[in-house]
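> just the structure for this:
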Amino acid sequence: MTQVRVLAGTRKGAFVLTSDANREKWEVSGPHFAGWEVYHLKGSPADPNRLYASQNSGWFGQLIQRSDDGGKTWQPAGNDFSYVGDPGTHLWYDDTPRPWEFKRIWHMEPSPDDPDTVYAGGEDAALFKSTDGGQTWRELTGLRLQNSRTDWQPGAGGLCLHTIILQGSRMFAAISAAGAFRSDDGGETWRPVNRGLRSGGIPDPDAEVGHCVHHVEAHPSRPDTLFMQKHWDVMRSDDGGLSWYEVSGNLPTDFGFPIAVHAHEAETVYVVPITSDSLHYPPEGRLRVYRSRTGGNEWEPLTNGLPQQDCYVNVYRDAMATDTLEECGVYFGTTGGQVYASADSGDSWMPIVRDLPAVLSVEVQVIR
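Have a look, this model is predicted:
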């Protein structure tokens, strides 16, 4: 029997929400790691029982947790991130020109082919890889030591590596506020791919880095087409990130954090606009997901089942995802603790759980 598993990381623990293919009734498991911030919780595409969680607290530091039974039980994975030292310490990575500090892991990205291979994106701006299920890690230093590094600056959330896209030997990473980067050799060497991005305070239209990218997504069937939500502007690339153009179109505001792509329709994209970079809530207090079926520029508001007055929540960059069922499901979590689901590609919504701690991330698994 098909099972849908929604993985929610929150300010005070992780939650696993489970349903069947109808996606109408949900069982809630959690909180796992109660009281801890869980920045990201993600399952392995190669093994539905393997989950990874990034668990963090200001008191105990950074931990990576692993489950081999779909989230029923957990055990700490290896937490020695090269230069990091013991959990709870805040050490410089090394003596390179910029003082790099290890603070937390923002994003976990398991390999689509091997459940024991997983990548982790950190703050400050480092990319780590494990090939033994998270027991040991090595930094892919080619990114952090890339020539443009002296011009990277932290965004409001820190100098965080929050997006990792795996396409065989080609990889993409995004860092706030540095920009998007591409590797064609499995993460050993990297180059900035930000041509066409425009950012306030960077008057040079050819600025190589310094762009506050919020999230990047790609559809598996169209690896050269990337969609980006940045600090103002929704952007698109059709040449593997080598150039970008704006597709914000008729959105009420082009500021937001998440962006997601329909599982089967490579030109169908979802965003959640918020008012501005200083007002992190929906325009007019109306929670609306916007969908484009044309790959951008033409957007329609999706409101059925969402609060349309007095709603002042935010949706973070990793808090929106789609499933792979025939009628694609779309999911997102809010800072108000709601996780909303649509079983009809966004036409209608329902809260599958309320009153969680603020939701930091939402991921989805389909187990057949």
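
> what is the burial count for residue 223?
Other residues near residue 223 come to 14 when the count uses other C-beta atoms under 10 Å. Backbone N, C-alpha and C define where each C-beta goes, glycine included.

> are we agreed that it is in a strand?
Yes - per DSSP: H, G, I helix; E, B strand; the rest coil, residue 223 lies within a strand segment.

> please enumerate the helices of the chain.
Using DSSP state H, the helices assigned to the chain run over residues 141-144.

> where does the protein have its least confident helix or strand?
strand 75-76 (a mean of 86; mean pLDDT, DSSP states H and E).

> just checking: what are the partner strands of that one?
Each strand paired with strand 75-76, and its direction, by DSSP bridges: strand 61-67 (antiparallel).

> span of stretch 294-307 from start to end?
26 Å (C-alpha to C-alpha, to the nearest Å).

> now it, how far from the centre of its chain.
Put simply, stretch 294-307 sits 20 Å off its chain's centre (C-alpha atoms, centre = their mean, to the nearest Å).

> same check, this time on stretch 149-163
So, by C-alpha atoms, centre = their mean, the centroid of stretch 149-163 is 15 Å from its chain's centroid.

> let's check: the centremost residue of the protein is which one?
For the chain, the residue nearest the mean C-alpha position is residue 318 (3.2 Å; C-alpha atoms, centre = their mean).

> need the residues that contact the least confident helix or strand of the chain.
Strand 75-76 has contacts (C-beta atoms under 8 Å, 6 or more residues apart in numbering) with 63-67.

> pLDDT below threshold where in this structure?
78-98 (pLDDT under 70).

> would you mind finding the longest strand in it?
Determined from DSSP state E, the single longest strand within the chain is strand 47-57.

> angle of it against strand 61-67?
160 degrees (axes from the mean of the first three to the mean of the last three C-alpha atoms, to 10 degrees).

> I'd like the numbering to begin with 17 instead of 1 from here.
Yep, numbering from 17; the last one is strand 63-73 now.

> in this structure residue 260 contacts residue 244, no?
Yes - contact criterion C-beta atoms under 8 Å: residue 260 and residue 244 qualify, at 6.8 Å.

> what do these two both touch?
Common neighbours of residue 260 and residue 244 (C-beta under 8 Å, 6+ apart) are 251-253.

> which single one of these is nearest to residue 130?
residue 253 (27.6 Å; C-beta to C-beta).

> tally of neighbours for that closest one?
Residue 253 has 24 neighbours, counted by other C-beta under 10 Å.

> can you pull up the bridge partners for it?
residue 242.

> just list the residues touching it, thanks.
Residue 253 neighbours (C-beta under 8 Å, 6+ apart): 209, 212, 240-242, 244, 259-261.

> any figure for the gap between the nearest residue to residue 187 once chain neighbours are set aside and residue 57?
Spatial nearest neighbour of residue 187, excluding adjacent residues (C-beta to C-beta, 6 or more residues apart in numbering): residue 199 at 4.5 Å. Going from residue 199 to residue 57 by C-beta to C-beta, to the nearest Å gives 25 Å.

> what about the two, which has more around it?
Here residue 199 and residue 57 are set side by side on neighbour count (other C-beta under 10 Å), and the busier one is residue 57, at 29 against 21.

> unless I'm mixing things up, the more buried one is touching residue 380, no?
No - using C-beta under 8 Å, residue 57 makes no contact with residue 380, being 10.9 Å away.

> between those two, what contacts are shared?
Common neighbours of residue 57 and residue 380 (C-beta under 8 Å, 6+ apart) are residue 23.

> which residues touch the nearest residue to residue 93 once chain neighbours are set aside?
Nearest residue to residue 93 in three dimensions, chain neighbours excluded: residue 150, at 3.2 Å (C-beta to C-beta, 6+ apart). Counting by C-beta under 8 Å, 6+ apart, residue 150 makes contact with 68, 80, 82, 93-94, 134.

> do residue 121 as well
55-56, 70, 72, 78, 80, 97, 136-139, 144.

> if we use 6 Å, what do you get?
By C-beta atoms under 6 Å, 6 or more residues apart in numbering, the contact set of residue 121 is 70, 78, 136, 138.

> so which of these is the closest to residue 363?
Among the contacts of residue 121, and counting by C-beta to C-beta, the member closest to residue 363 is residue 70, at 32.8 Å.
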